[in-house]
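In: Kindly generate the corresponding structure for this input.
(chains A and B)
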Amino acid sequence: MKQDSLFLTGVERHFDEDEIIVSKTDLKGRITYANDVFLRVAGYHERDILGQPHSIIRHPDMPRCVFSLLWQTIEAGREIFAYVINRCSNGDHYWVLANVTPTFGPQGKIIGYHSNRRVPRRDAIEKVIPLYAALCEEEAKERNRKDGMARGTAMVGKLLGEAGIDYDQFVFTL
Amino acid sequence: MINLFSLSNLRLVLAVCWCLGLLTVSSVFAVPELMAYAIPVLGGLLTVCCVSGGLTIYRQQRYLDELCDTVLAAADGNMDARISNRQKRGKLANMQNAVNQLLDLTEAFTKEAAAAMNCASRGDYYRKIVPRGLRGDLVGYAEKVNSALEIMDVQTKTFRSSAGRIGDDLKLVVGDLSNSARSLSSNSDFLSQNVTRIADQAAEMRKAAEESSAALDGIATATEQFSGSIQQIGSQIDGSATLSETAVERARSAAEHMERLDALATRVTGVVELITDVAEQTNLLALNATIEAARAGEAGKGFAVVASEVKNLANQSSHAAEEVIREIGEMQEMTREAVAFVRDISEKINEIDDGARLVANATREQTDAVNEISNRIEQAVCRMRDIVTSVGHVASGTNDSREVLVTLHNEATGLLGRAESLDGDVRNFISQVLDDRAKETAKQA
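Out: Prediction:
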């Protein structure tokens, strides 16, 4: 399924502030658990989504470099926070503040990943939207996805370097 | 079929009830056709009911098993466990969702708390528990943890700034201490070398002073001897002056005696001239006697002999007198020469006497000068002895100082070592306090 062909309605969905969207994946990113908030907001039945790659809810406005950073971080065994826009099954979208963590087995090996998604602050989303747009634009300058992602990553590095903070602290300043 | 089983349980029950009703009506009103129709339908429906009920029970059992497994896993502390393949509605579905939500919240809170603590353990407190999405008591707990983190952040910042300030002060103090110790060490080293040199010089000086002292002692002795000799010379010169006075007196007396002798010789010459006159008259008498004897002839012959003898004697006397006069003349000549000599000697003695007086005066002055020299030399000897003693004190003092400086140098070196060790400790302390996050990051990298 090509991202370009995804149907979008432009309608934003919301969930309550005392709710958490929870999902779990195996090491390859295939969904092993989605809570009822996930199913309700994303508009999927459990049986439709279990075993599917998590990218099933990927929205085309998400820069690739953010997911690259996300996977690098969690594969290294660390947690990450990220503002993410997701696509619902009907083409609607919803914003989350995702906290993705690796899940460790008894031997300390990563056995899966776990994402808790909360309602993001609106002012943070207003800052993130132009930033992601700029990153997507930067990534779109390369025809090759990998090269585009590298450009986006370079841009993130430059912005953080100019601000003089690391990514983790940056996310909390938004 | 699944839909049929899962959705139509009520409809099946209704159908069975409808069939049972139909059967009851047909038996009451004795309608065999209806009964013939209703019995197999009822049978079929009951069969379907049994199968459906069995399947439902089986499925319920499976849901319950998964629910039970999940709850048991959670009870064992496995927060990762969840129930998937849930029912869509009903109490069981509510329970499944409730268990999942309980686990979602618990795991979220636990992971949040762990992440915040992990960050805090590296000395960073910006990572707090995100309270949004939490419910009930968990919100309160999250707020408690977050406010604790806030306090820790403030306290850590205060501690770090205090520690940093103290560390900076300590670094300065330790740096000063190191510099002072290094300077002390090198200065004491330098002083020690100088003192060693001074001690060596003092030893040489002492040796030289002792030699000088000995030389001065020799000079003092020689000067005393010299002084004695000069005094002796003076007294001898005084003695010789007296002697020369006596000699001049004696020479004058000798000259007078000689002049008197000359007068006596003159007088003797008169006597000798008288004798010569006598001898000439005697000779004349002898001549007369000879003439008279010749006149007497034979008788006078003997007399003639006597007269001849007398004439000889008179001649001899005359010769003798001439001899005497000549001798006296010589004697007078010699006497006069002697007088001249004696006068000359007397003058010479007077000159010597004058010279001796000058020498005596000079000797007296010399004696005074030598005495002065002797006194000075004695003072010099005393001073030199003092110098030797002083230099000895200097030498022993410098030796003591050298020992003190060696001790000082060793202590300074020890102090420097301790200062450097302290410097290291301080640096470690500061880097531990301030850079532990950097270290942690490096460790993780």
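
In: For A:Asn35, give me phi and psi.
Out: The phi/psi pair for A:Asn35 (degrees, to the nearest 10) reads phi -80, psi 180.

In: is it true that it touches B:Leu103?
Out: No. A:Asn35 is beyond contact range of B:Leu103, at 9.3 Å (criterion: C-beta atoms under 8 Å). Placement of C-beta: from N, CA and C, glycine included.

In: list residues touching both of those two?
Out: Taking C-beta atoms under 8 Å, 6 or more residues apart in numbering or on different chains as the contact rule, A:Asn35 and B:Leu103 both touch B:Arg82.

In: Looking at the stretch 1-150 of chain B, what residue ends up closest to chain A?
Out: B:Gly133 (3.8 Å; C-beta to the nearest C-beta).

In: That residue: what's it in contact with?
Out: So B:Gly133 contacts A:Glu17, A:Asp18, A:Glu19, A:Ile20, A:Asn116, A:Arg118, A:Val119, B:Ala108 (C-beta under 8 Å, 6+ apart).

In: at 10 Å what do you get?
Out: A:15-22, A:37, A:97, A:99, A:116-119, B:104-105, B:108-109, B:112, B:139 (C-beta atoms under 10 Å, 6 or more residues apart in numbering or on different chains).

In: Same question for A:Phe7.
Out: By C-beta under 10 Å, 6+ apart, the contact list for A:Phe7 reads A:Arg87, A:Asn90, A:Gly91.

In: Inside helices: which ones of the contacts of B:Gly133?
Out: A:Val37, B:Asp104, B:Leu105, B:Ala108, B:Phe109, B:Glu112, B:Val139 (DSSP state H).

In: isn't the fourth one right next to A:Asp18, touching?
Out: No. Using C-beta atoms under 10 Å as the test, B:Ala108 is too far from A:Asp18 to be in contact (12.0 Å).

In: Find residues that contact each of these two.
Out: Each of A:Arg118, B:Gly133, B:Leu134 lies in contact with both B:Ala108 and A:Asp18 under the rule C-beta under 10 Å, 6+ apart.

In: Chain neighbours aside, what residue packs nearest to A:Phe38?
Out: Once flanking residues are discounted, A:Phe38 sits nearest to A:Ile21: 4.8 Å by C-beta to C-beta, 6 or more residues apart in numbering or on different chains.

In: what about the one you found, how many neighbours?
Out: 26 (other C-beta atoms under 10 Å in any protein chain shown).

In: so where do the helices sit in chain B?
Out: Under DSSP H, chain B gives helices at B:2-7, B:9-28, B:32-75, B:91-121, B:137-295, B:297-444.

In: would you list the shared contacts of B:Ala108 and A:Asp18 in a markdown table and tack on pLDDT and distance to A:Leu159?
Out: A markdown table is the format used below for the shared contacts of B:Ala108 and A:Asp18 (pLDDT from 0 to 100; distance: C-beta to C-beta, whole Å):
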| residue | pLDDT | distance to A:Leu159 |
| --- | --- | --- |
| A:Arg118 | 93 | 24 |
| B:Gly133 | 88 | 28 |
| B:Leu134 | 89 | 31 |
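
In: Nearest to A:Thr9 among those?
Out: Of all those, A:Thr9 sits closest to A:Arg118, with 23.3 Å by C-beta to C-beta.

In: quick one: the closest one from A:Arg40, how far?
Out: 15 Å (C-beta to C-beta, to the nearest Å).

In: which of these two has more neighbours?
Out: Counted by other C-beta under 10 Å, A:Arg118 and A:Arg40 do not tie: A:Arg118 has more neighbours, with 22 against 13.

In: list the contacts for that one?
Out: Contacts of A:Arg118 were listed using C-beta under 10 Å, 6+ apart, and they are A:15, A:17-21, A:81, A:96-99, B:108, B:130-134.

In: Please pick the buried ones from these.
Out: A:15, A:19-21, A:81, A:96-99, B:108, B:130-134 (16 or more other C-beta atoms under 10 Å in any protein chain shown).

In: Among those residues, which one sits closest to B:Asp238?
Out: Among the buried ones among the contacts of A:Arg118, and counting by C-beta to C-beta, the member closest to B:Asp238 is A:Phe81, at 132.0 Å.

In: would you say that closest one is within a strand?
Out: Yes. Residue state for A:Phe81 (DSSP: H, G, I helix; E, B strand; the rest coil) corresponds to a strand.

In: Could you list everything it pairs with in the sheet?
Out: A:Phe81 forms beta bridges with A:Asn99, as assigned by DSSP bridges.

In: What pLDDT does the model give it?
Out: pLDDT for A:Phe81: 92.

In: lowest-pLDDT helix or strand in chain B?
Out: Here the helix or strand of chain B ranked lowest by mean pLDDT, DSSP states H and E is helix B:2-7, holding a mean of 45.

In: which parts of stretch A:123-132 are buried?
Out: By 16+ other C-beta under 10 Å, the buried positions in stretch A:123-132 come out as A:Ala124, A:Ile125, A:Val128, A:Leu131, A:Tyr132.

In: Just want the residue of chain A that's nearest chain B.
Out: For chain A, C-beta to the nearest C-beta, closest residue to chain B: A:Ile20, 3.8 Å.

In: Would you mind confirming that that residue makes contact with A:Phe38?
Out: Yes. Using C-beta under 10 Å, A:Ile20 is in contact with A:Phe38, at 9.3 Å.

In: can you pull out the strands in chain A?
Out: Applying DSSP state E to chain A gives strands spanning A:21-25, A:31-34, A:80-87, A:93-104, A:110-118.
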